[in-house]
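**Q** Sharing a model that was predicted from the sequence below.
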Amino acid sequence: MFSKRTRLYTSFNIINLFQILKSFFFKKKNFESQIQNYLKVKNLKLTSLGRTALYDIIKLIIKDKNKKKFFIAPYTIPAVIHAVKYAGGEIKFIDINKETGLIDEDKLESEIDDNSAGVIITHLYSNSEDIKKFITRFQNKINIIEDAAINFGSKINDKYLGTLADYGFFSFNIVKNLNTLNGGAIYIKNNETYNKYKLERKIKKFPIKITFNLLITVLILKIMFNNFSYQFFHFILKIIYEKRIDYILKKIYPILYHTYEKNLPVIYQYDFNWLMNDVGIYNLKQIEINYRERLEKAKIYNDLIDDRVAFKMECFKNENALLEYTIILKNVSNKIAHSKLMERGYDIRHTWYINNTKEKNNLDPTNFKDTYFIEEYIFCLPVHKNISSEDIKKISAIINTFI
Ligand SMILES: Cc1ncc(COP(=O)(O)O)c(C=O)c1O
């Protein structure tokens, strides 16, 4: 009876409210140095958002190389594409390789020319071997930018994702494992470039109004989607899906309702929200323990889900933060899987990222077969604190009926 569950979750807690007050009164700014120590790098600055960090990286590369062409696999959040454009970059899409989760290496190799400025790799579900292989192959050929937005704290042999290549960035937004409501970080390997960046950076104070708005969103998430009230809100959510109530769906799946504003959104000009200094420090201390919990849960899915219904991602060696556990369905689409699970009381994510080539009508779909495939069949399973191993057993049993 109390078995209904939703993917909607934020790690923001009551204690974080006190930490916001503490930061308001004491105005400390030591979260940045703590992240630097954690990631074992010096060249890192906090930013207003993950996309702001990418925007800054693209500007730096364009200025340094006087080249504008950036490669990326189209299966990502549109905000990333927008950030590149705002910074003056030009996007060249290359298909994802569904086996590795990275940009297709051979296609990338054949496209690199004198006008190429950089390649953005989105860390989704790749394993350490494939990430290492990719970076080794391209590190002296082109600037590599790691999008580690959803993978703060993941590492390969003690070196953290986001700091493996020339540039990297992270996101600390409301649903991330290191949550400061908004926020991000930029990593720049080259000392000279980093020092110049630090000196020339122009930023404004983060407005308090945005913090209030975000706190209201957190409050709604906490009130409606805890395991107790969700027993009721599940039925409301069902109606929202059935009647396609855009106003709410926009909040649950903002990625499906993105818009490209012509002018640079003001948030790109803001500094990190220093009201979140103490929240960040507190959450940083929870990273390892929370990761271990998610890892155990992901492994249960991995053990229980039948190979005949899905490909299961083997990224259990710290190289993925496992915000959710990724599988690729073999027999039904993610949308169908979502509605079948919804009928049984489980609201699982039906859309992770989108195929951004669809926005451009001059791109031949046959060049993006894996992206189209991934968009339809990838399925992300929840491992957050409101999901127990019992829930995982039930969800896996339902998925195993998708033969
Ligand atoms: C893969 C990926 N890249 C970039 C971003 C952008 O991060 P932010 O929302 O902090 O700008 C996100 C945000 O969810 C993301 O998932």
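**A** Done, it's in.
**Q** Look up the closest residue to whatever residue of the stretch 151-300 of the chain ends up closest to the ligand, ignoring the ones flanking it.
**A** The minimum distance from the stretch 151-300 of the chain to the ligand, using Cβ to the nearest ligand atom, falls at residue 171 (3.2 Å). For every residue, glycine as well, the C-beta is placed using N, CA and C. Of all residues not flanking residue 171 in the chain, residue 50 sits nearest, at 3.1 Å (Cβ to Cβ, 6 or more residues apart in numbering).
**Q** Hmm, that neighbour is touching residue 149, no?
**A** Yes: between residue 50 and residue 149 there is a contact at 4.5 Å, judged by Cβ atoms under 8 Å.
**Q** For residue 139, give me its contacts.
**A** 165-166 (Cβ atoms under 8 Å, 6 or more residues apart in numbering).
**Q** still on that earlier bit, in the sheet, who's paired with the residue of the stretch 151-300 of the chain closest to the ligand?
**A** residue 184 (DSSP bridges).
**Q** any idea how far residue 221 lies from residue 181?
**A** 12 Å (Cβ to Cβ, to the nearest Å).
**Q** and residue 161, how many residues sit next to it?
**A** 28 (other Cβ atoms under 10 Å).
**Q** Test my guess that it contacts residue 150.
**A** No: the criterion here is Cβ under 8 Å, and residue 161 misses it with residue 150 at 9.9 Å.
**Q** so what sits against both of residue 221 and residue 181?
**A** Counting by Cβ under 8 Å, 6+ apart, the residues touching both residue 221 and residue 181 are 12, 174.
**Q** The two: which has the busier surroundings?
**A** Set side by side, residue 221 and residue 181 show more neighbours around residue 181, with 24 against 18, by other Cβ under 10 Å.
**Q** which non-adjacent residue is nearest that one?
**A** residue 214 (4.3 Å).
**Q** which SSE is that neighbour in?
**A** Residue 214 belongs to helix 208-224 when assigned by DSSP states H and E.
**Q** Can you confirm whether that helix lies near the ligand?
**A** No: judged by Cβ under 6 Å from any ligand atom, helix 208-224 makes no contact with the ligand; its nearest approach is 11.8 Å.
**Q** for that helix, the distance to its chain's centre please.
**A** 20 Å (Cα atoms, centre = their mean, to the nearest Å).
**Q** And it, what's buried?
**A** 210-211, 214, 218, 221 (16 or more other Cβ atoms under 10 Å).
**Q** Quick check: mean pLDDT of that helix?
**A** What helix 208-224 shows for mean pLDDT is 93.
**Q** backbone phi and psi for residue 119, please?
**A** Main-chain torsions, residue 119, degrees, to the nearest 10: phi -130, psi 140.
**Q** What residues does it make contact with?
**A** Taking Cβ under 8 Å, 6+ apart as the test, what residue 119 contacts is 70-72, 103, 108, 138, 142-145.
**Q** switch to 6 Å and redo it
**A** 71, 142, 144 (Cβ atoms under 6 Å, 6 or more residues apart in numbering).
**Q** could I get those as TSV with secondary structure and pLDDT?
**A** As requested, the contacts of residue 119 are exported to TSV (DSSP: H, G, I helix; E, B strand; the rest coil; pLDDT from 0 to 100):
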residue	secondary structure	pLDDT
71	strand	98
142	coil	97
144	strand	98
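**Q** quick one on the thing from earlier: list of residues touching whichever helix or strand comes after the helix holding residue 214?
**A** Per DSSP H and E, the first helix or strand lying C-terminal to helix 208-224 is helix 230-243. Applying Cβ under 6 Å, 6+ apart, the contact partners of helix 230-243 are 2, 4, 6, 224, 248, 347.
**Q** so when I look at the first one, I'm seeing a strand, right?
**A** If I follow you right, that is residue 2. No: secondary structure of residue 2 (DSSP: H, G, I helix; E, B strand; the rest coil): coil, not part of a strand.
**Q** and it, how many residues sit next to it?
**A** 9.
**Q** Can you tell me the closest non-neighbouring residue to it?
**A** residue 231 (5.8 Å).
**Q** returning to that earlier point: where do the contact lists of residue 50 and residue 149 overlap?
**A** residue 171.
**Q** got the CA coordinates for the strand or helix carrying residue 186 in CSV?
**A** Using DSSP H and E, residue 186 sits in strand 184-188. Taking Å, rounded to 0.1, in the frame of the first residue of the first chain, the C-alpha atoms of strand 184-188 are listed here in CSV:
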residue,chain,number,x,y,z
GLY,A,184,29.2,24.9,-10.7
ALA,A,185,33.0,24.9,-11.1
ILE,A,186,35.5,25.3,-13.8
TYR,A,187,38.9,23.5,-14.0
ILE,A,188,41.7,24.8,-16.3
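**Q** is it true that residue 168 lies in a strand?
**A** Yes: assigned with three-state DSSP, residue 168 falls within a strand.
**Q** these two touch, right, it and residue 160?
**A** No: look at residue 168 against residue 160 with Cβ atoms under 6 Å: they stay out of range, at 8.5 Å.
**Q** Pick out whichever of the two has more residues nearby.
**A** When neighbours are counted by other Cβ under 10 Å, residue 168 and residue 160 differ, and residue 168 comes out ahead with 31 against 22.
**Q** Where does the closest residue to residue 304 other than its chain neighbours sit: helix, strand or coil?
**A** Closest residue to residue 304 apart from its sequence neighbours, by Cβ to Cβ, 6+ apart: residue 396 at 3.8 Å. Using three-state DSSP, the structure places residue 396 in helix.
**Q** doesn't residue 305 make contact with residue 396?
**A** Yes: using Cβ under 6 Å, residue 396 is in contact with residue 305, at 5.2 Å.
**Q** Can you pick out the residue with more neighbours from these two?
**A** Higher neighbour count among residue 396 and residue 305: residue 305, with 24 against 20, using other Cβ under 10 Å.
**Q** what's the distance between the nearest residue to residue 245 once chain neighbours are set aside and residue 210?
**A** Excluding the flanking residues, the one nearest residue 245 by Cβ to Cβ, 6+ apart is residue 239, at 7.5 Å. Residue 239 sits at a distance of 30 Å from residue 210 (criterion: Cβ to Cβ).
**Q** And for residue 369, the neighbour number?
**A** Count around residue 369 with other Cβ under 10 Å applied: 12.
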